[in-house]
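> Could you work out the structure for the sequence below:
(4 chains)
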There are 2 protein chains.
Amino acid sequence: MRTAKRKKLESAGWKVGGADEFLGLTADEAAYIEMKLALGTSLRDRRIGKNLSQVEFARMVKSSQSRVAKMEAGDPSVSIDLLMKSLLALGASPKELARAIASSTTHAA
Amino acid sequence: MRTAKRKKLESAGWKVGGADEFLGLTADEAAYIEMKLALGTSLRDRRIGKNLSQVEFARMVKSSQSRVAKMEAGDPSVSIDLLMKSLLALGASPKELARAIASSTTHAA
DNA sequence: GGCATATATGTCATATTTGGCATATTTGGC
DNA sequence: GCCAAATATGCCAAATATGACATATATGCC
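Okay, here's the model as predicted:
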């Protein structure tokens, strides 16, 4: 794992308590977090692709700008449920969600 | 949508409040629910594939038998986060999760 | 049918997630 | 550098998910 992604993980506020990998996370925890980050990135891409500000998008999905920011950052306080519902609201299909998740696995499996 | 799946949806305790599709659900709500059901089915298949009872599996993931039953049934009270974490615990890879999600889309998109 | 094991369903106290708000920081034009 | 628009971060009360438990129903064997 290269430093770019590592930095992204660390900065995302993850100081989990597992016992395994590079930051003290379990393989499962790491996979889970990476999926979230992938969904967050996908969300941001879609939102920007539609020329929406976080505020505008938040209104669309009846959330708040701060939560949207957290979604896109993969904050520990946001659920995958919320990410998925938000992506669906932006017009993503389940298959596209699947693609995002699959792509969270650059490496092993 | 044929009656088999329809029944499965109804029986899963979903009497949502949307406004669109056959049961009063939005296209997004329907997609979300189908993803959950797909993940639940996948979980059950994997669990059984490993010859684990719900009780045994519940112990593995520090949950309870009742929650496992709800997971597999796609109960409204279970989150996709929990389903995904559980699947990972059973050894599924993100790519396999993605496959399950993608397969929730028999039809449109 | 009776019995044992597995799964389903209902409820509840506790834990986590959520929207909302205030405020800080970043970004881009001038 | 100043300013405005966008995004990030911290916090909190309300909403939702969670494990646990009791109990009901199913499933298979005798």
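
> so what's A:Lys85 up against?
A:Lys85 makes contacts with A:Val61, B:Asp28, B:Tyr32, as judged by Cβ atoms under 8 Å, 6 or more residues apart in numbering or on different chains. The C-beta positions use only the backbone N, C-alpha and C, and glycine is treated the same way.

> Need phi/psi at it.
Phi and psi for A:Lys85, reported as degrees, to the nearest 10, are phi -60, psi -40.

> try A:Ala92
Phi and psi for A:Ala92, reported as degrees, to the nearest 10, are phi -70, psi 150.

> what does A:Met60 give?
Here A:Met60 shows phi and psi, under degrees, to the nearest 10, equal to phi -50, psi -40.

> Which residue does chain A have closest to DNA strand D?
Going by Cβ to the nearest atom of the strand, DNA strand D is nearest to A:Ser66 of chain A, at 3.0 Å.

> Give the buried residues for the top helix by length along chain A.
Across chain A, the helix with the greatest residue count (assigned by DSSP state H) is helix A:27-49. Buried residues in helix A:27-49, defined by neighbour count with 16 or more other Cβ atoms under 10 Å in any protein chain shown: A:28-44, A:46-47.

> can you give me the strands for chain A?
Under the criterion DSSP state E, chain A contains no strands.

> who in it is up against DNA strand C?
A:58, A:61-67, A:76-79, A:81-82 (Cβ under 7 Å from any atom of the strand).

> In these, find the pair that's most separated.
Taking Cβ to Cβ, the two most distant members of these are A:Lys62 and A:Pro76; they sit 22.2 Å apart.

> between the two, who's got more neighbours?
Per other Cβ atoms under 10 Å in any protein chain shown, whichever of A:Lys62 and A:Pro76 has more neighbours is A:Pro76, with 14 against 7.

> Do you know the pLDDT at the residue of chain A closest to DNA strand D?
Per-residue pLDDT puts A:Ser66 at 98.

> neighbours around it, how many?
Count around A:Ser66 with other Cβ under 10 Å applied: 11.

> Ok, A:Thr26 next?
As a burial measure, A:Thr26 scores 16 neighbours (other Cβ under 10 Å).

> remind me which residues of chain A are low pLDDT?
Applying pLDDT under 70 to chain A flags the ranges A:1-23, A:106-109.

> Kindly report the residues of it close to chain B.
With Cβ under 8 Å from any Cβ of the partner chain as the criterion, chain A meets chain B at residues A:28, A:31-32, A:34-35, A:79-81, A:84-85, A:88-89, A:93-95, A:97-99, A:101-102, A:104-105, A:109.

> Name the residue of chain A with the shortest distance to DNA strand C.
Closest residue of chain A to DNA strand C, Cβ to the nearest atom of the strand: A:Ser66 (2.9 Å).

> Pull the contacting residues for the nearest residue to A:Ser64 once chain neighbours are set aside.
In space, and not counting its chain neighbours, A:Ser64 is closest to A:Ala58: 5.2 Å by Cβ to Cβ, 6 or more residues apart in numbering or on different chains. For A:Ala58, the contacting residues are A:Ser64, A:Gln65, A:Arg67, A:Val68, by Cβ under 8 Å, 6+ apart.

> burial count for A:Ala73?
Here the count is done by other Cβ under 10 Å, and A:Ala73 has 18 residues near it.
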